[in-house]
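Novice: Show me how the following folds:
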Amino acid sequence: MPPSQPEAAALFHVIDPRVFDRAQLDDLCDLTTRVRLLAKHPDGARFLLGLLPDRRAMLYFVQPSTRTFLSFNNACHVLGIRTSEIRDPATSSEVKGESFEDSIRTFSSYVDVIVMRTPRSGEAARAAELMNRIPRPVPIINAGSGQDQHPTQALLDIYTLDRSFEEQGGIDGKVIGLMGDLKRGRTVRSLCYLMKNYRGVRLVLIAPEQFALEPDVKAHLKEHNIPFVDQAKLRDVLPDLDAVYVTRMQSEWDTAGETGKVNYADYSITPGNLGRMKKSAVIMHPLPRGPEIAPAVDDDPRAVYWRQERNGMWMRVAILLKIFRADGVVRDFDISALN
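Specialist: So this is what the prediction gives:
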């Protein structure tokens, strides 16, 4: 990091993306790249594996997850961290009436970090508040809480954007389209909160009216002078976008079949509309996907969502290194000696 930039603050809990500043984001992106380079070499991979073998992690995932669970589980293993998991509350004492707080405090007795995903908004924040009151607190990492926040997804999205635009001046000054279910998608909410750290970014919000971005997020964008515009259809703005962040319709939150009323033709990337995009643009998606991205798009070089998925594990390795104050050792490692 250039010496003119402020030193990045330390991490403990990772709950809400609004706490991250530009120095922390740049620091995490740099650390993620260093970890990736180290892991490519057998000696570098062994070095990483020996960093945190005395640490234990609880993966408390009581909402369905594939990518986030596997990336956190493997991020722990990259660093030698042993993992325990609960993926179904029916296998825990919650079925006996144990409170959420008592369950979390029990987990903290056995592990050094709790990574949690729940279908209820705000529970990661509740867990962090509890940890702040007890004698032996452990870090809480929010891996998705209801329709609320998904901070580590937003961090890996920033890393993907940063790397995608590293030869085009970075994220600053880019026009980024956010498309799909913006009302109920926590990934979009969290990514919007990080945009305050970049200069000259403009957002285009592409969604059906009933799934428009919530007013509180728009208020945040206005507060931080981030220009945005609502747009009903992708085709009208696609040529202007440097990045389009596609999300699926969150049908699991439907109460009256809302998703079935959406005309996907207005909110999909297909081979037919790729020709309207900039050659330098990128297509992102937090996955899993539905019909909003045709599989044939995978072969286009602008489709970076599979790279985005791989970036998730490496960013989460970087987050764990920061939490356990092991990032300095990684920065001091002479990567050139591995060549």
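Novice: use CA for all of it now, contacts and neighbours both
Specialist: Noted.
Novice: neighbours of S190, just the number please.
Specialist: Burial of S190 is recorded as 23 neighbouring residues (other Cα atoms under 10 Å).
Novice: just L274 next, same as before
Specialist: Going by other Cα under 10 Å, the residues that sit close to L274 add up to 16.
Novice: how about the residue positioned nearest the centre of the chain, what does it touch?
Specialist: By Cα atoms, centre = their mean, the chain has its centre lying nearest to Q153, at 0.7 Å. Contact partners of Q153, counting by Cα atoms under 8 Å, 6 or more residues apart in numbering, are 143, 187, 190, 286, 312.
Novice: Could you do M249 as well?
Specialist: Neighbouring residues of M249 by Cα under 8 Å, 6+ apart: 180-181, 259.
Novice: quick one: which of the contacts of Q153 is nearest to R22?
Specialist: Distances from R22 to the contacts of Q153, taken as Cα to Cα, are shortest for S190 (15.0 Å).
Novice: Can you verify my assumption that that closest one contacts A154?
Specialist: Yes - S190 is within contact range of A154, at 5.7 Å (criterion: Cα atoms under 8 Å).
Novice: Give me the common contacts of the two.
Specialist: P17.
Novice: What separation is there between Q147 and E214?
Specialist: 11 Å (Cα to Cα, to the nearest Å).
Novice: Correction: the previous question concerned L205.
Specialist: Counting by Cα to Cα - L205 and E214 are separated by 11 Å.
Novice: Neighbour count: the two, which is higher?
Specialist: Taking other Cα under 10 Å, L205 and E214 do not tie; L205 has more neighbours (23 against 12).
Novice: list the contacts for the more buried one?
Specialist: Residues counted as contacts of L205 (Cα under 8 Å, 6+ apart) are 177-179, 182, 212-213, 228-231.
Novice: In a helix, it, correct?
Specialist: No - under the criterion used here (DSSP: H, G, I helix; E, B strand; the rest coil), L205 is strand, not part of a helix.
Novice: Report the beta-bridge partners for it.
Specialist: Taking DSSP bridges as the rule, L205 bridges to L178, D230.
Novice: Could you tell me what pLDDT the model assigned to it?
Specialist: With respect to pLDDT, L205 has a value of 97.
Novice: Export only the CA atoms of whichever helix or strand K218 is part of, formatted as CSV.
Specialist: Assigned by DSSP states H and E, K218 belongs to helix 215-223. Provided in CSV are the C-alpha atoms of helix 215-223 (Å, rounded to 0.1, in the frame of the first residue of the first chain):
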residue,chain,number,x,y,z
PRO,A,215,-35.4,3.7,0.8
ASP,A,216,-32.9,3.4,3.6
VAL,A,217,-30.2,2.3,1.2
LYS,A,218,-31.0,5.1,-1.2
ALA,A,219,-30.8,7.5,1.8
HIS,A,220,-27.3,6.2,2.5
LEU,A,221,-26.3,6.8,-1.1
LYS,A,222,-27.6,10.3,-1.0
GLU,A,223,-25.9,11.0,2.3
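Novice: Can you list the buried residues in that helix?
Specialist: Neighbour counts over helix 215-223 (16 or more other Cα atoms under 10 Å) mark 217-218, 221 as buried.
Novice: Show me which of those is closest to I104.
Specialist: Minimum distance to I104 across the buried residues of helix 215-223 is 29.3 Å, recorded for V217 (Cα to Cα).
Novice: and the residue nearest to the closest one when sequence neighbours are not counted, how many neighbours?
Specialist: Excluding its sequence neighbours, the residue lying closest to V217 (Cα to Cα, 6 or more residues apart in numbering) is R189, at 6.8 Å. Number of residues near R189 (other Cα under 10 Å) recorded here: 24.
Novice: hang on, R189 is in a strand, isn't it?
Specialist: No - under three-state DSSP, R189 sits outside any strand and is assigned helix.
Novice: What segments of this protein are helices?
Specialist: Ranges of helices within the chain are 22-39, 42-49, 67-78, 100-110, 123-131, 151-164, 186-194, 215-223, 305-323, 327-332, based on DSSP state H.
Novice: how about those in TSV, adding mean pLDDT?
Specialist: As requested, those are exported to TSV (pLDDT from 0 to 100):
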stretch	mean pLDDT
helix 22-39	97
helix 42-49	97
helix 67-78	97
helix 100-110	94
helix 123-131	96
helix 151-164	97
helix 186-194	95
helix 215-223	96
helix 305-323	97
helix 327-332	96
